[in-house]
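Trainee: okay, structure incoming, though there's no sequence with it:
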């Protein structure tokens, strides 16, 4: 009854959220991984070692994912509410402003802790597997 456009409700918020989420997650992971490598080199007497144990890759991935998810969570809330038909005809930023004004700032971050738990597991596992398969396939090895 709502037509084809109803299928794409919330698409703008989704697209607006995925770019900063990915940028924050990937850059945070890379920065954390480099710090862990540097710290391990110091303990190993300065010997270069770019292979981290899977647990450290998983931890860095979890922290990176949680950082990105928390920063971008207001866009996730708006996306879901737009998909449900709220904020019709409003831009994403206007919807965030209306939500914060009418329901309070806490509404913009409602459910963030559940999302953090979900994202930490997914990002941690994803980056640990990424590094594992990269090592198995010798990606980045200089021979």
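Mentor: Arrived safely, thanks for sending. Quantities reported herein were computed from a predicted structural model and do not represent experimental measurements.
Trainee: flag every buried residue along the longest helix anywhere in the chain.
Mentor: Within the chain, and with DSSP state H defining each element, the longest helix by residue count is helix 11-43. Applying a neighbour-count criterion of 16 or more other Cβ atoms under 10 Å, one finds 12-14, 16-17, 21, 24-25, 28-29, 32-33, 36-37, 40 buried in helix 11-43. The C-beta positions use only the backbone N, C-alpha and C, and glycine is treated the same way.
Trainee: please enumerate the helices of the protein.
Mentor: Taking DSSP H as the test, the helices found in the chain are 11-43, 54-83, 92-103, 105-108, 112-136.
Trainee: tabulate those (JSON lines), appending mean pLDDT and distance to residue 5.
Mentor: Putting the helices of the chain into JSON lines (pLDDT from 0 to 100; distance: least, Cβ to Cβ, whole Å) gives the following:
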{"stretch": "helix 11-43", "mean pLDDT": "90", "distance to residue 5": "10"}
{"stretch": "helix 54-83", "mean pLDDT": "93", "distance to residue 5": "12"}
{"stretch": "helix 92-103", "mean pLDDT": "90", "distance to residue 5": "16"}
{"stretch": "helix 105-108", "mean pLDDT": "86", "distance to residue 5": "26"}
{"stretch": "helix 112-136", "mean pLDDT": "96", "distance to residue 5": "27"}
